[in-house]
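K.L.:
Got a predicted structure plus its sequence, pasted below:
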Amino acid sequence: MVHEGVLFVAGDARTGFTFEDKDGVPHERAIRAGGGKVRVVKSQDVNSLALDDSVCAENGTEDGSAFPRVPLKAPTRFAPPVSFDSLSEGVDAPWWRENKRRFQWNDRRRALEVVPGVDEGRAESTPRTLSDDGITGPSLAELIGHEDVVACLRTSIGAARELGKPLAPILFSGPPGVGKTALSLAVARELGVRLHKLHGSALRDPGFLAGWLASGERHDLVFVDEIHAVPHSLCEMLYEAMDRRRLTLPVIRGAESKTLTIELEPMSLVAATTHLAELPEALRSRFRMLLLDLLSEQDLEKIVNGAAASLGMAIDGGAAVDLARASKGVPRQALALLRHAGDVACGKAIIEREHVRQALRELGIDDRGLDATDRKILDLLGKSRSAVSQSRIAMMASLPLATYRDVVEPYLLRAGWIEVTPRGRVAVGV
């Protein structure tokens with residue numbers, strides 16, 4: 001069309017382009033060319049033009065055939081330069097996502113520095129985020145157990161939807177493997193938002209924390225697993241993010257310094273911990289705390305039956321009972337035992353009770369659901385003439401104190417194998 005004198009393009013990359021017909025009229029109208037039409041586009045800047053892949057001629061040849069649609073390639077876009085002198089005191093989260101690679105954290109001086117030379121020849125890059133867009137975890141309705149916690153979450157989620165606001169900060173606390181992460185996935189699924197997940201120990205410095213918190217979009221859900229592992233030096237930043245929805249970071253250049261304030265998007269913060277006592281009181285008090293207990297054997301049976309069905313296998317009723325008893329109230333352990341029982345029953349259409357018992361024997365679990373560590377502890381307590389402290393039990397069993405306190409003892413207490421006295425722990429019925 002251009003070569004035939006039917007369509008004219010005027011302008012340059014700085015001012016934009018104007019598409020005109022052969023009479024020099026820069027407006028949209030039908031132009032006849034051998035019975036065809038051409039779409040004329042009014043003045044557009046170069047960026048919007050390049051991103052519009054529908055700019056093409058339709059039915060514009062002399063023989064009435066159609067011109068092919070040729071998408072226009074977007075030009076390389078460069079972010080504006082960032083320097084210490086041009087740095088504004090207040091920025092928003094999108095700006096930080098775009099420019100965070102231009103900063104590095106100086107751990108010795110506890111401040112950000114502008115990285116020289118990053119702007120030259122560097123195209124804009126999409127920030128990497130730790131997120132889960134297609135959440136495949138169970139919904140709240142599909143979760144088994146923790147009925148009181150689920151009811152509380154339903155109320156909070158309903159209020160957040162009604163008011164159009166993010167959830168108030170929530171903290172799940174409980175033993176390992178009882179479903180803290182599954183509940184967080186269910187909350188994100190119910191809200192219909194992206195989930196940004198990170199382990200507390202991965203938060204290394206304020207710059208990393210700022211980049212991670214700013215990576216989310218409006219109303220996304222931020223999940224911090226094992227939040228007790230967050231360095232205490234970063235807790236002050238979390239307080240500001242939770243209370244004021246912003247982060248304040250120092251920026252230095254030599255002896256000069258500035259303060260950079262990043263305004264965050266409104267997001268929901270959910271955290272989980274297995275060591276509640278290790279959280280600073282100032283951080284713990286900012287959350288609505290939801291305590292998760294070990295599951296009952298009846299709930300674990302339902303979980304085992306559902307998991308077996310998802311694996312394409314059936315399981316005998318007695319086999320499910322044995323697996324539930326040996327799981328010590330922990331769904332994660334029930335699923336691990338089920339997988340091993342499935343290996344024993346490889347090639348069979350159904351997991352029978354004998355397959356489960358063989359699997360438990362191989363793993364050192366007896367008919368009472370006790371493993372070697374449990375039996376060792378009960379034997380030590382049974383031989384002791386007095387109550388024994390937690391630290392001494394852990395030492396005699398060659399276990400870290402935290403492992404005994406958070407993993408081993410909760411089940412033994414709940415099952416009635418040991419009792420707590422003012423002087424320590426004693427064995428019952430051994």
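P.N.:
It's in. Numbers count the residues shown, from 1 in each chain.

K.L.:
D379: neighbour count?
P.N.:
14 (other Cβ atoms under 10 Å). Glycine gets a C-beta too; all of them are placed from N, C-alpha and C.

K.L.:
That one is in what secondary structure piece?
P.N.:
Using DSSP states H and E, D379 sits within helix 372-383.

K.L.:
what sits up against the following helix or strand past that helix?
P.N.:
Downstream of helix 372-383, the next assigned helix or strand under DSSP H and E is helix 390-396. Contact with helix 390-396 is made by 377, 380-381, 388, 400-401, 403-405, 409, 424-425, as judged by Cβ atoms under 8 Å, 6 or more residues apart in numbering.

K.L.:
which one of those residues is nearest Q333?
P.N.:
Checking the contacts of helix 390-396 against Q333 with Cβ to Cβ, the nearest one is T403 at 14.3 Å.

K.L.:
so where does that closest one fall, helix or strand?
P.N.:
Element membership for T403, per DSSP H and E: helix 401-403.

K.L.:
Remind me what that helix packs against, helices and strands.
P.N.:
Using 3 or more Cβ pairs under 8 Å, 6 or more residues apart in numbering; DSSP states H and E, the elements in contact with helix 401-403 are helix 390-396.

K.L.:
related to what we said a few turns ago, what's the mean pLDDT across the helix holding T403?
P.N.:
Taken as a whole, helix 401-403 carries a mean pLDDT of 89.

K.L.:
which residues touch that helix?
P.N.:
275, 390-391, 394.

K.L.:
Flag the shaky bits of the stretch 301-430 of the chain, pLDDT-wise.
P.N.:
Where the stretch 301-430 of the chain drops to pLDDT under 70, the residues are 430.

K.L.:
Helices along that one, start to end?
P.N.:
For the stretch 301-430 of the chain, the helices defined by DSSP state H, counting those that start in this stretch cover 317-326, 331-344, 353-362, 372-383, 390-396, 401-403, 409-414.

K.L.:
quick one: what helix or strand has the spatially most central residue of the chain in it?
P.N.:
Central residue of the chain (Cα atoms, centre = their mean): K197, 2.2 Å from the mean position. According to DSSP H and E, K197 maps onto strand 195-199.

K.L.:
Give the buried residues for that strand.
P.N.:
195-198 (16 or more other Cβ atoms under 10 Å).

K.L.:
and if you look at stretch 363-380?
P.N.:
For stretch 363-380, burial by neighbour count (16+ other Cβ under 10 Å) applies to 365, 369-370, 373-374, 376-378, 380.

K.L.:
Tell me how far R423 lies from K376.
P.N.:
21 Å (Cβ to Cβ, to the nearest Å).

K.L.:
now swap in R154 and tell me
P.N.:
Distance from R154 to K376, by Cβ to Cβ: 43 Å.

K.L.:
follow-up on the earlier one: what about burial for the contacts of helix 401-403, which qualify?
P.N.:
Neighbour counting by 16+ other Cβ under 10 Å classes A394 among the contacts of helix 401-403 as buried.

K.L.:
pretty sure L294 is touching G329, no?
P.N.:
Yes - contact criterion Cβ atoms under 8 Å: L294 and G329 qualify, at 2.8 Å.

K.L.:
Now do the shared contacts for those two.
P.N.:
Contacts common to L294 and G329, judged by Cβ under 8 Å, 6+ apart, are 178, 410-411, 414.

K.L.:
one step back: and the helix holding D379, what other elements does it pack with?
P.N.:
helix 390-396, helix 409-414, strand 418-421, strand 424-427.

K.L.:
what's the offset of the first one from the middle of its chain?
P.N.:
Meaning helix 390-396. 36 Å (Cα atoms, centre = their mean, to the nearest Å).

K.L.:
Check the second one too.
P.N.:
Relative to its parent chain, helix 409-414 has a centroid offset of 31 Å by Cα atoms, centre = their mean.
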